[in-house]
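Student: show me the folded form of this:
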Amino acid sequence: MASLLLDTHILLWLVNGSSRLRADIRAAVSNPANAVFVSAASVWEIAIKHSQGRRNDFQMPVNLEALLEAVGFRRLPVNFAHAQQVAGLPTHHGDPFDRMLIAQAQVEGLTLVTADSAILRYDVALMDAS
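Tutor: Modelled structure (predicted):
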């Protein structure tokens, strides 16, 4: 069993049925033996970027919470330990949302599923979806 944390773009590719998501990643995420987590930071990122007019890349599903619950994904709130972990991260990546996901994966012992090449430089368990 793996415990996976979805990067925001992976989450969006899943909910929007994107062909950019490889079959092996789709299989890992849909495998009921794996625990799949979605961070509050990802939902926040989608909401902010959607409200800034980036609706093509950050299309907010009508009821994301119900959708995630229906497929069995687990919520991962942001807490103090996560926030403090960000302070110790090298500055390979400037996006605060991605930095939070990296910190959460480190603190919680999760494998971060991402296609973001900048994240690959961090000391974090990864599933490379690129």
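Student: do you have the strands of the protein handy? List them.
Tutor: Per DSSP state E, the chain carries strands over the ranges 3-6, 35-39, 74-76, 111-114, 126-128.
Student: in a markdown table: those strands, plus distance to residue 19, mean pLDDT and mean neighbour count.
Tutor: Every C-beta, even on glycine, is put in place using the N, C-alpha and C of the backbone. As requested, these are exported to a markdown table (distance: least, Cβ to Cβ, whole Å; pLDDT from 0 to 100; neighbours: other Cβ atoms under 10 Å):
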| stretch | distance to residue 19 | mean pLDDT | mean neighbour count |
| --- | --- | --- | --- |
| strand 3-6 | 17 | 98 | 24 |
| strand 35-39 | 20 | 97 | 22 |
| strand 74-76 | 26 | 96 | 15 |
| strand 111-114 | 17 | 98 | 24 |
| strand 126-128 | 18 | 95 | 17 |
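Student: right, and those - which one's nearest residue 51?
Tutor: Of all those, strand 35-39 sits nearest to residue 51, with 18.4 Å by Cβ to Cβ.
Student: closest to residue 18 out of the strands of the chain?
Tutor: Residue 18 sits nearest to strand 3-6 of all those, at 13.0 Å, using Cβ to Cβ.
Student: pLDDT-wise, which helix or strand of the protein ranks last?
Tutor: One helix or strand of the chain scores below all others by mean pLDDT, DSSP states H and E: helix 64-70, with a mean of 84.
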